[in-house]
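A.B. asks: Sequence unavailable; structure follows:
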Ligand SMILES: Cc1ncc(COP(=O)(O)O)c(C=O)c1O
């Protein structure tokens, strides 16, 4: 058995990334300034999306995105319940109603069919979330939404490194909100990015993300700046600081390399896990040009076939020094969200009780991955394995 604990997540920064942060700290500009601008340009160029607006979290990007789309009281925003609570929280903060749609039990994301089951004349925005970084065919969802005058804001928290038919999240919908949280494929410790091709939406999101002011500090305090500014409307304090942008910029340069390691770990996991009874995996990508970002690698445990339930398996893995997580406790089951009118979500209810996220990050060695696999093979249906080994 493994002697030391393998954490679910462990961000490891390179010397170059740390040096980039230090350089930014030394250049006497601590808040939103030239490095944020550089990050925004690099993100727009790399993604092919016209506008990139750096913010201090994905939650902030979802909030200003929904706000800039005009979401308010009386509106409904469709999203999965099987996701992080941020989208529902921002919808409620704007006085609108989150409406939960069910997921496909194999991809774990919304589909046109599950969306169509809950759309009403009040639906203003759909917020699909490519679960774990598995592309969800955004083009089909956008086509459906456009025909009905509904906007699409992708919750792209897991999508750095993902390609949907060869394209970044944000190219097809009205906007996409990325997360740079510590567990994500590209981190700035805390941070986020709103991508959009829509000029008006970009302008409004930029202003609303900084108190509704028409000039940020860089435009006011530099030699060419002016002290004057207007506040066009009430907004939020969501700007990203330069030292954090320096980290994100350095990580963006390393994204392809980090992705190769994620791909290798995912394929090492999948090869052996496919043979394990009672363990199902998220459906593989199928469209040409699709690429999973492997922000998360999830198992679906079938208690009967595996001989052990999800919760007991998590405990047994912990005893074997393997950290795991669960993504997600569905939002509609939280005490603070139970009062929302709720649609039937049979797949969400069935699937979340089976989910376990395994550790997957570039700093993991092949031995770490094998430790997880060895532990799973020992715990899950051990008799089958002992039998197979005896027979071999
Ligand atoms: C699917 C999803 N959406 C939104 C968020 C919120 O991201 P942030 O922490 O950057 O606000 C997360 C973060 O974990 C997430 O996983």
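C.D. replies: Everything's here; your move. Owing to the predicted nature of the structure, the values given are computational and were not obtained by experimental measurement.
A.B. asks: Looks to me like residue 159 is in a helix.
C.D. replies: No: per DSSP: H, G, I helix; E, B strand; the rest coil, residue 159 lies outside any helix segment and is coil.
A.B. asks: Provide the secondary structure category for the closest residue to it other than its chain neighbours.
C.D. replies: Leaving aside its chain neighbours, residue 159 sits nearest to residue 169 (4.2 Å; criterion: C-beta to C-beta, 6 or more residues apart in numbering). Every residue, glycine included, has its C-beta placed from N, CA and C. Under three-state DSSP, the three-state class of residue 169 is coil.
A.B. asks: What distance do you get for residue 169 to residue 102?
C.D. replies: Using C-beta to C-beta, to the nearest Å, we find residue 169 at a distance of 21 Å from residue 102.
A.B. asks: how about the residues of this protein near the ligand?
C.D. replies: Contact residues, the chain versus the ligand (C-beta under 6 Å from any ligand atom): 57, 58, 59, 83, 84, 86, 129, 155, 157, 179, 181, 192.
A.B. asks: quick one, phi/psi of residue 254?
C.D. replies: Dihedral angles of residue 254 (phi, psi; degrees, to the nearest 10) stand at phi -100, psi 0.
A.B. asks: secondary structure class for the residue in the stretch 201-350 of the chain positioned nearest to the ligand?
C.D. replies: As assessed by C-beta to the nearest ligand atom, the ligand sits closest to residue 327 within the stretch 201-350 of the chain, at 7.2 Å. Recorded secondary structure, residue 327: coil (three-state DSSP).
A.B. asks: Just give me the neighbour total for it.
C.D. replies: 18 (other C-beta atoms under 10 Å).
A.B. asks: quick one, what contacts the closest residue in space to it that isn't next to it in sequence?
C.D. replies: Excluding its sequence neighbours, the residue lying closest to residue 327 (C-beta to C-beta, 6+ apart) is residue 357, at 5.1 Å. Contacts for residue 357 (C-beta atoms under 8 Å, 6 or more residues apart in numbering) come out as 8, 132, 296, 297, 298, 324, 325, 326, 327.
A.B. asks: if you set the cut-off to 10 Å instead, what comes out?
C.D. replies: 8-9, 132, 183, 295-299, 323-328 (C-beta atoms under 10 Å, 6 or more residues apart in numbering).
A.B. asks: got it, and residue 180?
C.D. replies: Counted by C-beta under 10 Å, 6+ apart, residue 180 has contacts 39, 54-58, 61, 157, 160, 186-193, 240, 244-245, 247-248, 251-252.
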